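Undergrad: task: produce atomic coordinates for the following.
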Amino acid sequence: MKIRFGYVANALGLWDASPSKALTFARYSALPKHERMEKLKEVTAQNLLHTKRILYYNFAHEIKLYRFSSSLVPLATHPEVMWDFVTPFKNEWEELGQLVNQFQLRPSFHPNQFTLFTSPRTEVTVNAVKDMEYHFRMLEAMKVQDRGIINIHIGGAYGDKQTSIKRFHQNIKKLPSDIKKQMTLENDDKTYDVEETLVTCEKEKIPMILDYHHYMANKGEVDLSLFLPRIFSTWNTTPKVHISSPKSDQAYRSHADYVSIDFILPFLKMAKGFNQDFDIMIEAKQKNLAMLQLIEEIASIRGVKRLSGGEVEW
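TA: Okay, here's the model as predicted:
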């Protein structure tokens, strides 16, 4: 069983390398009209440059998974702005894509929790489609749309899970098919558990990302060992798993700075029984630092061999 590891957005330790520098609409609006576009371009250029630095960091550390920041482009989906962020940076986007291909990275995005398809309000679904289109346009601009993942949650229950799930299946039809093809769903920590998410994925032929921390916070009646093979079989490529651990017993759903090996070891031992290669995205607050520490700890387990900076075999 081979496991590759990755992390989210920012490589901590690189100086001033945030790929998520922001420009709020209030600040944008306060600027003289002739300065607004230049400011949008300035912040975007910074974020793209910092992303390039991070990709080189990943290459140097043999890290094959990376989740791009959803905030690369400020105000990209704001109804009063919605600007062309591809044409002015055509070369920069393509360079990022070339690095993704050269380094054989597995890229992904994770839109925010408001990107959902279960709402009874039409405008929420319209905005969800817009947000998914924004993320897909970034993959397209990098020319990696066929290998990039856009991962979301099912959404809210609105007091009636069954009706909301039906609404999901109806609303998801509004998503263009080429975007849906790159989409994944993950179980969440409050509402839709592993089984409910899996059944939805199977019906829509969407790969399912197992979030182990969310599973532990929202188990329902699910015995994970009975569902793991089905979850993995939703993929026609290497399955992907999200890993983090609770900040505390009192803040169980919040992510800790680092990942507790004791918290995730039962899952790793369970997965070992199925002998399936898979990828792990670390969602700890300390990002790449938490990932590197966890790899060291896993590699020290008897029977585990470290294959590279970002991969082990058990």
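Undergrad: if I look at the residue at minimal distance from the centre of the chain, how far off is Lys240?
TA: Note on the chain: the residue nearest the mean C-alpha position is His110, at 3.6 Å, using Cα atoms, centre = their mean. Noted for His110: a distance of 11 Å to Lys240, by Cβ to Cβ, to the nearest Å. Just so you know, the C-beta spots here come from the backbone N, C-alpha and C atoms, and that holds for glycine as well.
Undergrad: quick one on the thing from earlier: am I right that the residue nearest to the centre of the chain is in contact with Asn151?
TA: Yes: His110 lies in contact with Asn151 (Cβ atoms under 8 Å); the separation is 4.9 Å.
Undergrad: which residues are common contacts for His110 and Lys240?
TA: Among the neighbours of His110, none is also in contact with Lys240 (Cβ atoms under 8 Å, 6 or more residues apart in numbering).
Undergrad: now whichever strand in the chain runs longest, how far from the centre of its chain.
TA: Secondary structure assigned by DSSP state E gives strand 2-8 as the longest strand of the chain. Computed by Cα atoms, centre = their mean, to the nearest Å, the separation of strand 2-8 from the middle of its chain amounts to 12 Å.
Undergrad: how far does the helix or strand following it sit from its chain's centre?
TA: For strand 2-8, the following helix or strand on the C-terminal side (DSSP states H and E) is helix 25-30. Centre-to-centre, helix 25-30 and its host chain are 29 Å apart (Cα atoms, centre = their mean).
Undergrad: for helix 25-30, which helices and strands make contact with it?
TA: helix 33-60 (3 or more Cβ pairs under 8 Å, 6 or more residues apart in numbering; DSSP states H and E).
Undergrad: what ranges do the helices span in the stretch 151-300 of the chain?
TA: 161-171, 177-180, 194-204, 212-217, 224-232, 261-272, 287-299 (DSSP state H, counting those that start in this stretch).
Undergrad: out of those helices, deepest packed?
TA: Most buried of those, by mean neighbour count (mean count of other Cβ atoms under 10 Å): helix 212-217, with a mean of 22.
Undergrad: ok, residues contacting it?
TA: Counting by Cβ under 8 Å, 6+ apart, 186-190, 193-194, 222, 224, 241-246, 252-253, 255, 263-264, 267, 283 sit against helix 212-217.
Undergrad: the residues you listed in strands, which ones?
TA: 186, 241-243.
Undergrad: nearest to Ser20 among the residues you listed?
TA: Nearest to Ser20, judged by Cβ to Cβ, of the ones in strands among the contacts of helix 212-217 is His242 at 19.1 Å.
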